[in-house]
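Student: need the 3D shape of this:
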Amino acid sequence: MNASDTPVHRRSALRAGAGAALAGVLTAGCADRDAAGPPAGTVTDTVSPKNPADATTRPPSPAPGPHRFPGQPVQIDHGPRDRARVALTFHGQGDPAIARTVLAEAERAHARVTVLAVGSWLDEHPTMARRILGGGHELGNHTQHHVDISTMGEAEAYAEIDGCARRLRRLTGSIGTWFRPSRARHATPLVQRLAARAGYPHVLSYDVDSLDFTSPGAAAVTRKVAGEIRNGSVVSLHFGYADTVAALPLLLTEIDRRRLRAVTTTELLT
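Tutor: Below you'll find the model as predicted:
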């Protein structure tokens, strides 16, 4: 076998090619909020199925629940900066076919993601809960109706958090690992207190906003994330957008080229 055909050389060539492709995207020029709609368990490690399609029918292991991370603030924007890990987090709403495509693409790259699902979306597509967990990913709460929770009164806001938690418990046996407020990057002090009452010791924010929900094109999504992602980053992405599907393979390749690992948010902080 020619030395240039060895697996190591092929992988280096692939990384170099991906870097060149990304460099073209990053220098292509600038293009152009989440206004468009699309009791705690034990954190466990699940293995992605060899055939991701099996996850739609195979019941998942008992679903993990929230975990308290000592030393971390109530509102978490990112993980440790001294470890080569990142968390890709997806707002769970929109066309389930696109969601399945995103999950399958992540699994092909051996990446695990965190999905913050909207309760009404789970009501319409209940099998998605099993699909997400069965693929080795984690599932959390993004309110019941994806309304502007920051502007709501206490009773209404709590009903949004608790309503989605109840859907998650009914479908998976757990309220999910994380809570993220709807239509807001950060939770207000009131929403933080209500999330804690519902069983979530932390609120999950992010430090990298892909802006994919604005549909700026796959190149713009790639530039935005690749230009900001680093050790410990939590990236905000969305199901339901074609630009996200188109950008994800290159993003995952770039993550690998930088020798980062895409893990669940719980893994990021553990």
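Student: ok, now which ones touch Thr265?
Tutor: 76, 79, 87, 89, 114, 138, 177-178, 204, 234 (C-beta atoms under 8 Å, 6 or more residues apart in numbering). (Glycine included, C-beta is placed from N, CA and C.)
Student: state the mean pLDDT of the host helix or strand of Trp121.
Tutor: Using DSSP states H and E, Trp121 maps to helix 119-124. Looking at helix 119-124 alone, the average pLDDT works out to 98.
Student: where exactly do the helices run in the stretch 1-150 of the chain?
Tutor: In the stretch 1-150 of the chain, the helices defined using DSSP state H, counting those that start in this stretch lie at 7-26, 96-108, 119-124, 127-134.
Student: for the second one, the distance to its chain's centre please.
Tutor: Between the mean C-alpha location of helix 96-108 and the chain-wide mean there is a distance of 12 Å, by C-alpha atoms, centre = their mean, to the nearest Å.
Student: same deal with the third one?
Tutor: If you compare the mean C-alpha spot of helix 119-124 with that of the full chain, they lie 17 Å apart, counting by C-alpha atoms, centre = their mean.
Student: would you mark the buried spots in it?
Tutor: Going by neighbour count (16 or more other C-beta atoms under 10 Å), the buried part of helix 119-124 is 119-122.
Student: related to what we said a few turns ago, including pLDDT, could the contacts of Thr265 go into a markdown table?
Tutor: As requested, those are exported to a markdown table (pLDDT from 0 to 100):
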| residue | pLDDT |
| --- | --- |
| Ile76 | 98 |
| Gly79 | 98 |
| Ala87 | 98 |
| Thr89 | 98 |
| Thr114 | 98 |
| Glu138 | 97 |
| Thr177 | 97 |
| Trp178 | 98 |
| Leu204 | 98 |
| Val234 | 98 |
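Student: rewinding a little: and the contacts of the helix holding Trp121?
Tutor: With C-beta under 8 Å, 6+ apart, helix 119-124 has contacts from 92-94, 128-129, 141-146, 163-164, 166-168, 171.
Student: please enumerate the strands of the stretch 101-250 of the chain.
Tutor: Taking DSSP state E, counting those that start in this stretch, the strands of the stretch 101-250 of the chain run over residues 114-117, 138-141, 203-204, 208-209, 234-238.
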